[in-house]
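Peer 1: Let me see the structure of the following:
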Amino acid sequence: MGVKVREKSAGSGVWWLFIDHNGQRKAKKVGTDKKLALEAAKKIEAKLTLGDMGLKDPEKKAPTFKEAADLWLHGYIKPLRRETTFERYSDMLKRHVLPTLGSTPINEIARKDVRELLLSVRAKGLSKASVCLVRDVMSGVFNHAIDDEIIEVNPVLGVVKRLNLSRDKQEEVEPLTKEEVGLFLETCKQNRPEYYPLFLTAFRTGMRLGELLGLKWGDVDWNGKFIRVSRSAKRGKITPTKTGKNRRVDMSDQLMNVLKGLQTQRKREALKKGHGVADGFIFLSREDEILSQNTVRNVFKGILRKAGLRDIRLHETRHTFASLLLTDGQSPVYVKEQLGHSSIQMTVDIYGHLIPSSNRDAVNRLDETQPSATQPQPAKIEKA
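Peer 2: Numbers count the residues shown, from 1 in each chain. Purely as a prediction, here's the structure:
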């Protein structure tokens, strides 16, 4: 038994370890630092000696994929990510991965196992985006196991690309027109007036639903005419915004007047009940509780039907806000700041087709700035 340090090619300056143990030989390149090579040799010799004397710790049994997934979900995702993310990942694993690979030791799962599982998920009729989400969740579990030194390789890497299962291109945004927004709001005012301030805020600020429901009166700056967006609400729980960053969104005159009217109404109601509204939430149910997102979505759909408008998601109010600003000639940078996008590239990727790409008057002005050019003359015709 022995571990030797030497240059594989004399004079090369590159040091190698040559290990001879129990009839097996192995060479390992260390690098150009001889001191580092000598230290590595000592450590390897110590490990080999302890192994021969029976003092080496027996190899731990690798956990099953389900056990590794539980460690990832509860040790990493739950404390660091949003609760909805934890629930979505847990559901994906429970429905699509654990029935097949849950009881398999994580170090025995090969690339072919991952490939076959993703193909079976795709065969169920799930979209490419859903298949990619299954891939991402599995990859997270394997990467966590690598960090815990349970496995050395992530078998998920590269599988989706080889199967041509990359996410579908983003669907084209189809926002409402200015006239359709007006029709929706008028219908809301007539049929569900208690929701009018909420939907007007949605169309005039482009906030996400959770951000709307998380607004408090203290977030409104009446003098500066803006709203500070710093939290989100879902299922009665308050969390940071989707990006984790705060932002300011401007208020139109109409929106400010409507919100002032709502605040006055709340103060009157509070006085009747014998308490104040100080810094309470702006949009509440009749029971003075934070509105349910599903309730708001259902009311939104009902108003669409009442107004005779096409069926769209409530999130389209955000797209509508952005599209109306861009088609009106506002800067994509301004729209990016109002929406709270992490980068201008995201704004351009989603709404690039709505940004005016040409202005014929501007092009014509280029001609006016140039000196008059000599008009081209017809070519002379040679006489025979």
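
Peer 1: thought residue 178 was touching residue 324?
Peer 2: Yes: with contact defined as CB atoms under 8 Å, residue 178 reaches residue 324; the gap is 6.0 Å. The C-beta positions use only the backbone N, C-alpha and C, and glycine is treated the same way.

Peer 1: Could you check which of the two is surrounded by more residues?
Peer 2: Using other CB atoms under 10 Å, the more surrounded residue of residue 178 and residue 324 is residue 324, with 20 against 14.

Peer 1: surely that one meets residue 180?
Peer 2: No: using CB under 8 Å, residue 324 makes no contact with residue 180, being 10.6 Å away.

Peer 1: that older thread, now for residue 178 and residue 324: what residues contact both?
Peer 2: Counting by CB atoms under 8 Å, 6 or more residues apart in numbering, no residue touches both residue 178 and residue 324.

Peer 1: Where does the residue nearest to residue 108 when sequence neighbours are not counted sit: helix, strand or coil?
Peer 2: Among residues not flanking residue 108 along the chain, residue 62 sits closest, at 7.5 Å (CB to CB, 6 or more residues apart in numbering). Recorded secondary structure, residue 62: coil (DSSP: H, G, I helix; E, B strand; the rest coil).

Peer 1: Does residue 62 touch residue 109 like I think?
Peer 2: No: contact criterion CB under 8 Å: residue 62 and residue 109 do not qualify, at 10.0 Å.

Peer 1: Let me know how buried residue 200 is, in neighbour terms.
Peer 2: Close neighbours of residue 200, defined as other CB under 10 Å, add up to 22.

Peer 1: ok, now which ones touch it?
Peer 2: 185, 254, 255, 258.

Peer 1: thinking the last one is in contact with residue 197, fair?
Peer 2: Yes: proximity of residue 258 to residue 197 meets the contact threshold set by CB under 8 Å, at 5.3 Å.

Peer 1: can I assume residue 25 is in contact with residue 18?
Peer 2: Yes: here residue 25 reaches residue 18: they are 7.3 Å apart, a contact under CB under 8 Å.

Peer 1: If you count surrounding residues, which of those two has more?
Peer 2: Between residue 25 and residue 18, counting by other CB under 10 Å, residue 18 is the more crowded of the two (15 against 9).

Peer 1: so what's residue 344 closest to, chain neighbours aside?
Peer 2: Residue 344 sits nearest to residue 336 (CB to CB, 6+ apart), 5.1 Å away.

Peer 1: nope, residue 247 is what I meant
Peer 2: Going by CB to CB, 6+ apart, residue 247 has residue 340 as its nearest residue, at 4.5 Å.

Peer 1: Can you name the residues that contact the one you found?
Peer 2: Each residue near residue 340 by CB under 8 Å, 6+ apart is listed here: 229, 241, 242, 243, 245, 247.

Peer 1: Give me the distance between the fifth one and residue 227.
Peer 2: Looking back up the chat, that one is residue 245. Between residue 245 and residue 227 the computed distance is 15 Å (CB to CB, to the nearest Å).

Peer 1: tell me the mean pLDDT over the helix or strand harbouring the residue nearest to residue 344?
Peer 2: Residue 336 belongs to helix 332-339 when assigned by DSSP states H and E. Predicted confidence along helix 332-339 averages 88 (mean pLDDT).

Peer 1: which other residues reach it?
Peer 2: Counting by CB under 8 Å, 6+ apart, 205-206, 247, 249-250, 318, 321-322, 325-326, 343-344, 346-348, 351, 355 sit against helix 332-339.

Peer 1: Any of these buried? List them.
Peer 2: Buried subset of the contacts of helix 332-339 (neighbour count, 16 or more other CB atoms under 10 Å): 205, 206, 247, 249, 318, 321, 322, 325, 326, 347, 351, 355.

Peer 1: May I have the helix or strand harbouring residue 66 as CSV, with CA atoms only?
Peer 2: Secondary-structure assignment from DSSP H and E places residue 66 in helix 65-72. Written as CSV, here are the backbone C-alpha positions of helix 65-72 (Å, rounded to 0.1, in the frame of the first residue of the first chain):
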residue,chain,number,x,y,z
PHE,A,65,-35.9,10.2,-3.6
LYS,A,66,-38.9,10.9,-1.5
GLU,A,67,-36.7,11.4,1.6
ALA,A,68,-34.4,13.7,-0.3
ALA,A,69,-37.4,15.6,-1.7
ASP,A,70,-38.8,16.1,1.8
LEU,A,71,-35.4,17.5,3.0
TRP,A,72,-35.3,19.9,0.0
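
Peer 1: Output the below-cut-off pLDDT ranges for the stretch 201-350 of the chain.
Peer 2: Low-confidence segments of the stretch 201-350 of the chain (pLDDT under 70): 275-279.

Peer 1: Alright, that wraps it up for me.
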